[in-house]
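Colleague: Next comes the sequence, and after it the predicted model I'd like to discuss.
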Amino acid sequence: LDMEQALRRALARDEFLPYFQPLVRLDDERIVGYEALLRWRHPQRGILAPVDFLKVAEDSGLIEAIDWRQFRLALEAGRELVRDGSFITLNVSPRLFQYNDFDRRLLAMTREVGFDPRRLRLEVTEGTLLSDPMAMAATLQRLREAGIEAALDDFGTGYSSLGHLHQFPLKMIKIDRSFITPFAAGVAPRSSAVIEAILALGNALGAEIVAEGIETEYQCEVLKAMGCVYGQGFLFARPAPASHWLAEVAAPV
Ligand code: G
Ligand code: G
Ligand code: MN
Ligand code: NA
């Protein structure tokens, strides 16, 4: 069975599901949102992450059906997760934006599921934005008017065409973890200047900044000192099924 056939069968058997990883305020570690992350519950190999199958899913086009299934499951689980005022984010394949009814279809899904669109953010990469800037700006603007905000994912790794960013309505910019990882006690990585520039850019654009991939207390402290307000990473929490976070919220203190 080749990977494409295996993915087709996994879709038919409904083996894809969202895990959720919290986004927190760095000052008090309070959860402000949850990123939905795709997982494949493989009958033999266990829980698989996108690194194992995303490329084939993208190249074959199967990612379109996988993403729509993922969105529905994430919105259904997210309905409970966002009761505390948080939001969920969805990672969106660039392929989906090629359909000019993408925003209408997504909004229709939020209505079917009963999910408040104001509690939804979409994660898009620079590559997606710059593949068709005019159309992307228009789509993101329509989504914003319907309550759905956009987050720029993996920032710093793409085209870094800073001059173009102001044309997109971006609520949030996520600094790629490759800029965070080099920070360790006694090390002053070159990426600190990049992070400071991204924080300034975020302020200029009126966007919230999230540092991704925070794994150590030291990294958290450095980022707070730089003025970064939000973070995500294994230091705070690993991705887990929605039921894990719901149990956590419901648990007596
Ligand atoms: O969860 P993990 O770190 O393995 O995710 C790796 C990458 O896979 C993420 O950076 C993200 O871009 C992508 N990804 C995660 N979930 C989804 C999803 O639901 N849909 C799409 N299209 N990509 C996803
Ligand atoms: O491209 P995107 O930012 O969506 O990728 C998110 C991925 O990063 C998820 O698959 C998640 O498992 C992974 N991730 C989240 N936090 C950390 C972290 O602290 N360290 C590492 N190495 N990976 C992380
Ligand atoms: Mn992401
Ligand atoms: Na990212």
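Modeller: Thanks, I have the structure now. Ligands and ions are numbered 1, 2, ... in the order given.
Colleague: Is whatever residue of the stretch 1-150 of the chain ends up closest to ligand 4 part of a helix or strand, or is it coil?
Modeller: Nearest residue of the stretch 1-150 of the chain to ligand 4: E123, at 6.8 Å (CB to the ion). Yep, even glycine has a C-beta here, placed from its N, CA and C like the rest. Three-state assignment for E123 (DSSP: H, G, I helix; E, B strand; the rest coil): strand.
Colleague: now swap in W40 and tell me
Modeller: Applying three-state DSSP: W40 is strand.
Colleague: Enumerate every residue touching it.
Modeller: 10, 15-16, 47-48, 52-53 (CB atoms under 8 Å, 6 or more residues apart in numbering).
Colleague: what about 10 Å?
Modeller: Going by CB atoms under 10 Å, 6 or more residues apart in numbering, W40 touches 6-7, 10-11, 15-17, 46-50, 52-54, 57, 66.
Colleague: ok, and of the residues you listed, which contact ligand 2?
Modeller: Filtering the contacts of W40 for neighbours of ligand 2 using CB under 6 Å from any ligand atom leaves A49.
Colleague: Next step: the contacts of W40 restricted to helices.
Modeller: Using DSSP state H, 6-7, 10-11, 54, 57, 66 are the members of the contacts of W40 that sit in helices.
Colleague: from these, which is closest to G114?
Modeller: Closest approach to G114 among the ones in helices among the contacts of W40 (CB to CB): I66, at 22.8 Å.
Colleague: right, and that closest one touches A74 too?
Modeller: No. Using CB atoms under 10 Å, I66 is not in contact with A74, being 12.0 Å away.
Colleague: intersection of neighbour lists for the two?
Modeller: Shared contacts of I66 and A74, defined by CB under 10 Å, 6+ apart, comprise L38.
Colleague: who's more crowded, these two?
Modeller: Taking neighbours as other CB atoms under 10 Å, I66 and A74 compare with A74 leading, 29 against 22.
Colleague: Assign a three-state SS to I209, would you?
Modeller: strand.
Colleague: So what's the predicted local confidence for it?
Modeller: At I209 the predicted local confidence, pLDDT, stands at 97.
Colleague: With P189 instead?
Modeller: P189 is assigned a predicted lDDT (pLDDT) of 83.
Colleague: got a list of what it touches?
Modeller: Taking CB under 10 Å, 6+ apart, we find P189 in contact with 179-183, 195, 222.
Colleague: Would you mind measuring from it to ligand 4?
Modeller: As judged by CB to the ion, to the nearest Å, P189 and ligand 4 stand 19 Å apart.
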